[in-house]
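Participant: Give me a 3D structure for the following:
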Amino acid sequence: MVGESGTSQNKSLHRYYKCVNTKKKRLCDKKPVKKDFIENLVIDVTMEMIQDDNIVNYIVDTALSLQSQESSSLPLLNQQLKESPNRTAFDWHSKVFSRNTW
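Facilitator: Numbers count the residues shown, from 1 in each chain. Have a look, this model is predicted:
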């Protein structure tokens, strides 16, 4: 869904969410939903979820698991940075944050 807004004849601004396929390709038959309604619903459901210890534990476990994994793109990005013609920022970062400064 994407956010939309429109102005009525009396110049009142109305905000709502609409299926992206309705806007672009007219493939979705869902009606627009008022912004306040859907946002309050999301807040209410989120508040319920964070009060459930099982859900909180699942989120924490997943976050810790992801944190312990090394990004597969990080070595490639570091290599590209080393090979970059403009290495000034990399050289500065390497000197300031080298293991010898810890």
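
Participant: so what does the host helix or strand of residue 45 touch, helix or strand wise?
Facilitator: Taking DSSP states H and E as the criterion, residue 45 maps to helix 35-50. In terms of contacts (3 or more CB pairs under 8 Å, 6 or more residues apart in numbering; DSSP states H and E), helix 35-50 is packed against strand 13-18. Backbone N, C-alpha and C define where each C-beta goes, glycine included.

Participant: List the buried residues in the strand it packs on.
Facilitator: 16-18 (16 or more other CB atoms under 10 Å).

Participant: hmm, back to that, pull the residues that contact the helix holding residue 45.
Facilitator: 1, 3, 15-17, 55-56 (CB atoms under 8 Å, 6 or more residues apart in numbering).

Participant: Mind doing that once more with 6 Å?
Facilitator: With CB atoms under 6 Å, 6 or more residues apart in numbering as the test, helix 35-50 has contacts from 15-17, 55.

Participant: next one: stretch 56-71
Facilitator: With CB under 6 Å, 6+ apart, stretch 56-71 has no contacts at all.

Participant: quick one: average pLDDT of that stretch?
Facilitator: What stretch 56-71 shows for mean pLDDT is 88.

Participant: do stretch 19-39 as well
Facilitator: 85.

Participant: Do a quick rundown of the strands in the chain.
Facilitator: With DSSP state E as the criterion, the chain has strands at 2-7, 13-18, 33-34.

Participant: Find the residue closest to residue 29 in space, skipping its chain neighbours.
Facilitator: residue 22 (7.8 Å; CB to CB, 6 or more residues apart in numbering).

Participant: so that neighbour makes contact with residue 28?
Facilitator: Yes - the criterion here is CB atoms under 6 Å, and residue 22 meets it with residue 28 at 4.4 Å.
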